[in-house]
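Undergrad: need a structure here:
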Amino acid sequence: MKLRLDVDYPYPSRIKSFLYTALNRKTRKNYLKNAKIIAKMLNETTRKVQAYWFFTTRTEPDDEMLQLLCPEKHEIGLHVANDPYAEMKQLEKATGRKIRFYTIHGTARLVARIIWRRKIWEAKTSIPSDFPLRSLHEVPTLGLDVICYGRPPSVAAKIAEASVARGDILHVHPEWLFQSGKINHRGPFYETLRQILQVDQDIAVLSVCKKGFVKMAKHIEAREYEHDFVPTDELTGKLRDRGIDIFTFIERKWCNTISDPSSSWAKTKDNVALLQITSYGAWWEKIGKKTRNMIRKAEKSGIKTQVILPSKELAEGIWKIYNETPIRQERAFPHYGASLESVKGNVFSPGESTFICAFFQNDIVGFIQLVYGDNIAIISQILSLQKFWDKAVNNALLSKAVDFCANRQVQWVMYGRMGNHPSLDKFKESNSFRKFPLTRYYIPLTRKGQIAIKLGLHKEAKDVLPQRLKYWLIPAYNWASRRRALKVLGSP
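TA: The predicted structure follows:
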């Protein structure tokens, strides 16, 4: 795979790049930051890659960048701005390398021509016929940052791979690594490039959300509960480079504690609904008469449960449950409207999990998905058709799940958090789940992150509110959630 990188501007900030380019000045802070991130990704990949870096005299590599550009994988070329010969000599002197290739820096807009001190009518400089460098404009290229505009990373990656298979060179401008350009229709290409190079796997399992003026990263969904985790300096460094201000993770106290947490980490209280299993019989004795009667009721009503392997029939059954109603537990149901293809993607996704289904007259009427981690099974989903609510389907599913985990010698089962849904909390408690306290850590990665933590902006509003006030507000939240969902669906 070949990659062409035109380093037009030196800083992630467009405004800063324009200003310093116009003044012909440089500052060490964030200089070539995006280019260095890409270089590290290229050095990390096991894929065979040849990278052609084209620098202007305003973006020539510093010592750190040169250390990353090993000659075996990286070729340094000239991105001609105004004077081909003078710029070639300057770049060779700055890098200590022989320059063999060039590209031309175009300036389609008036402001850019002024910044680069080019003639108003001149979009790009002309190259003398006897110029000794070889142009890379002749080689077919695909603008990776262009195809990433308005497309999901997975779709852009497929387009790029097809182009590479045809022998095209992938062409990017590092300045668009994380941001979009609406005028020139260029999009952030980091995630697409990461998928193509198959690197930064530790970042791939993270989600990023915006909280006020900061970006916060954490593990996707329940992943942080699956394995013991303490972030490394390498991971926090990568996140800092990628503009993340705060990283948060939990301490799995039921099986492990962090012995020496850093004093710079902020912490808050968190919780999970946790069940410790010794045997199915012991659980049966703990759950109480009413819950046992509900399980017996399901059996008498004709509900049968069994472990099911991933299949088309399973996906269709889950899809029907998802799309039965837009409202569940008095609030909007996020999976309503899901396509059959997206459900199949979840059912057949890699990873260790188990599906247990409830059947009524050979039809799937409910399911539970268990996802496994170290010393724990996590209830990812437990849902049933609402028209069978009187048959205690969920009780039957949970009973089967406990029996399955006991036979598999899974000691702990987790069922989300407690304290945010009164009726669901009662169901958990009736099945012997208990509120288990955890510590959630927050690591400030930037100055903005430090300020946000000092102001308390890292905390979730639902965790700051007193429990009594929260339970009083939940009906109002549910009402607003239903209204939004029905409005989207066009219902009165």
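Undergrad: Pass me the low-pLDDT residue ranges in this structure, would you?
TA: 108, 461-468, 470-471, 485, 488-492 (pLDDT under 70).
Undergrad: tell me, what residue is most central in it?
TA: Ser207 (3.5 Å; CA atoms, centre = their mean).
Undergrad: buried sites along stretch 154-165?
TA: Going by neighbour count (16 or more other CB atoms under 10 Å), the buried part of stretch 154-165 is Ala156, Ala157, Lys158, Ala160, Ser163, Val164. Quick note: C-beta positions are derived from backbone N, CA and C, even for glycine.
Undergrad: how about CSV for the residues you listed, with secondary structure added?
TA: Shown next, in CSV, are the buried residues of stretch 154-165 (DSSP: H, G, I helix; E, B strand; the rest coil):
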residue, secondary structure
Ala156, helix
Ala157, helix
Lys158, helix
Ala160, helix
Ser163, helix
Val164, helix
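Undergrad: Of the residues you listed, which pair is most distant in space?
TA: Ala156 and Val164 (12.5 Å; CB to CB).
Undergrad: Spit out the contact partners of the closest residue to Asp403 other than its chain neighbours.
TA: In space, and not counting its chain neighbours, Asp403 is closest to Tyr280: 4.7 Å by CB to CB, 6 or more residues apart in numbering. Tyr280 makes contact with Val402, Asp403, Ala406, Asn407, according to CB atoms under 8 Å, 6 or more residues apart in numbering.
Undergrad: Repeat the analysis, applying 7 Å as the threshold.
TA: Each residue near Tyr280 by CB atoms under 7 Å, 6 or more residues apart in numbering is listed here: Val402, Asp403, Ala406.
Undergrad: sec struct for the residue of the chain most remote from its centre, please.
TA: What lies farthest from the middle of the chain is Asp130; by CA atoms, centre = their mean that is 49.5 Å. What three-state DSSP gives for Asp130 is coil.
Undergrad: Please name the spatially closest residue to Trp283 (chain neighbours excluded).
TA: With CB to CB, 6+ apart, the residue lying closest to Trp283 is Val402, at 5.2 Å.
Undergrad: still on that earlier bit, relative to the host helix or strand of the residue nearest to the centre of the chain, what are the paired strands and their orientations?
TA: Ser207 belongs to strand 206-211 when elements are defined using DSSP states H and E. Strand 206-211 has its sheet partners listed here by DSSP bridges as strand 214-219 (antiparallel).
Undergrad: mind exporting the helix or strand following the strand it pairs with as PDB, just the C-alpha atoms?
TA: Once strand 214-219 ends, the next helix or strand along the chain (criterion: DSSP H and E) is helix 233-241. Provided in PDB are the C-alpha atoms of helix 233-241 (Å, rounded to 0.1, in the frame of the first residue of the first chain):
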ATOM      1  CA  ASP A 233       1.300   6.000  29.800                       C
ATOM      2  CA  GLU A 234       1.300   4.900  26.100                       C
ATOM      3  CA  LEU A 235      -2.500   4.900  26.000                       C
ATOM      4  CA  THR A 236      -2.900   8.200  27.800                       C
ATOM      5  CA  GLY A 237      -0.300   9.700  25.500                       C
ATOM      6  CA  LYS A 238      -2.200   8.600  22.400                       C
ATOM      7  CA  LEU A 239      -5.500   9.900  23.800                       C
ATOM      8  CA  ARG A 240      -3.800  13.300  24.600                       C
ATOM      9  CA  ASP A 241      -2.400  13.500  21.000                       C
END
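Undergrad: Taking strand 214-219 as reference, get the angle to helix 233-241.
TA: Angle of helix 233-241 versus strand 214-219, following axes from the mean of the first three to the mean of the last three CA atoms, to 10 degrees, is 140 degrees.
Undergrad: Give the buried residues for helix 233-241.
TA: Neighbour-count burial for helix 233-241 [16+ other CB under 10 Å]: Leu235, Thr236, Lys238, Leu239, Arg240, Asp241.
Undergrad: My guess is the last one contacts Ile37. True?
TA: What it means is Asp241. Yes: counting by CB atoms under 7 Å, Asp241 does reach Ile37; the two are 5.4 Å apart.
Undergrad: and of the buried residues of stretch 154-165, the nearest to Asp260?
TA: Minimum distance to Asp260 across the buried residues of stretch 154-165 is 40.3 Å, recorded for Ala157 (CB to CB).
Undergrad: Check the gap between that closest one and Ser163 for me.
TA: According to CB to CB, to the nearest Å, Ala157 and Ser163 sit 11 Å apart.
Undergrad: Now the phi/psi pair for Arg47, please.
TA: phi -80, psi 140 (degrees, to the nearest 10).
Undergrad: my bad, should have said Ser384
TA: phi -150, psi 160.
Undergrad: how about the helices of the stretch 251-400 of the chain, start to end?
TA: 280-286, 289-300, 312-322, 340-347, 393-407 (DSSP state H, counting those that start in this stretch).
Undergrad: Distance to Phe101 for those helices - can I get that in TSV?
TA: Converted to TSV, the helices of the stretch 251-400 of the chain look like this (distance: least, CB to CB, whole Å):
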stretch	distance to Phe101
helix 280-286	69
helix 289-300	71
helix 312-322	50
helix 340-347	42
helix 393-407	61
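Undergrad: right, so of these, which gets closest to Phe333?
TA: Of the helices of the stretch 251-400 of the chain, nearest to Phe333 by CB to CB is helix 312-322, at 7.8 Å.
Undergrad: what's around Glu313, how many residues?
TA: 11 (other CB atoms under 10 Å).
Undergrad: ok, now Arg242?
TA: Around Arg242 there are 20 residues (other CB under 10 Å).
Undergrad: Could you tell me the end-to-end distance of stretch 169-185?
TA: This stretch, stretch 169-185, spans 19 Å end to end (CA to CA, to the nearest Å).
Undergrad: got the buried residues for it?
TA: Using 16+ other CB under 10 Å as the test for burial, stretch 169-185 gives Ile169, Leu170, His171, Val172, His173, Pro174, Glu175, Trp176, Leu177, Phe178, Gln179, Gly181.
Undergrad: swap in stretch 126-144?
TA: Under the neighbour-count criterion of 16+ other CB under 10 Å, stretch 126-144 has Leu133, Leu136, Thr141, Leu142, Gly143, Leu144 buried.
Undergrad: Quick check: the second one touching Thr103?
TA: Yes: distance between Leu136 and Thr103: 5.4 Å, which falls inside the contact criterion (CB under 7 Å).
Undergrad: can I see the domain layout of this protein?
TA: For the chain, automatic domain parsing gives the domain ranges 2-199, 206-266+442-474, 278-410.
Undergrad: Just tell me which of those domains ends up closest to Pro422.
TA: Judged by CB to CB, the one of those that comes nearest to Pro422 is domain 206-266+442-474, at 5.8 Å.
Undergrad: what's across from Arg331 in the sheet?
TA: Arg328.
Undergrad: What residues does it make contact with?
TA: Arg331 neighbours (CB under 7 Å, 6+ apart): Asn478, Ser481, Arg482.
Undergrad: Next, work out how far apart it and Pro475 are.
TA: In terms of CB to CB, Arg331 sits 10 Å off from Pro475.
Undergrad: what is in contact with Ala156 and Val164 at once?
TA: In contact with both Ala156 and Val164: no residue, using CB under 7 Å, 6+ apart.
Undergrad: Any idea how many residues pack against the residue nearest to Trp283?
TA: By other CB under 10 Å, 23 other residues sit near Val402.
Undergrad: So for Lys210, what's the nearest residue that isn't a sequence neighbour?
TA: Met216 (7.8 Å).
Undergrad: Check the contact between the one you found and Leu239; I expect there is one.
TA: No: Met216 is beyond contact range of Leu239, at 10.0 Å (criterion: CB under 7 Å).
Undergrad: on that earlier part again, separation between the residue farthest from the centre of the chain and Trp319?
TA: Remark: distance between Asp130 and Trp319 (CB to CB) = 67 Å.
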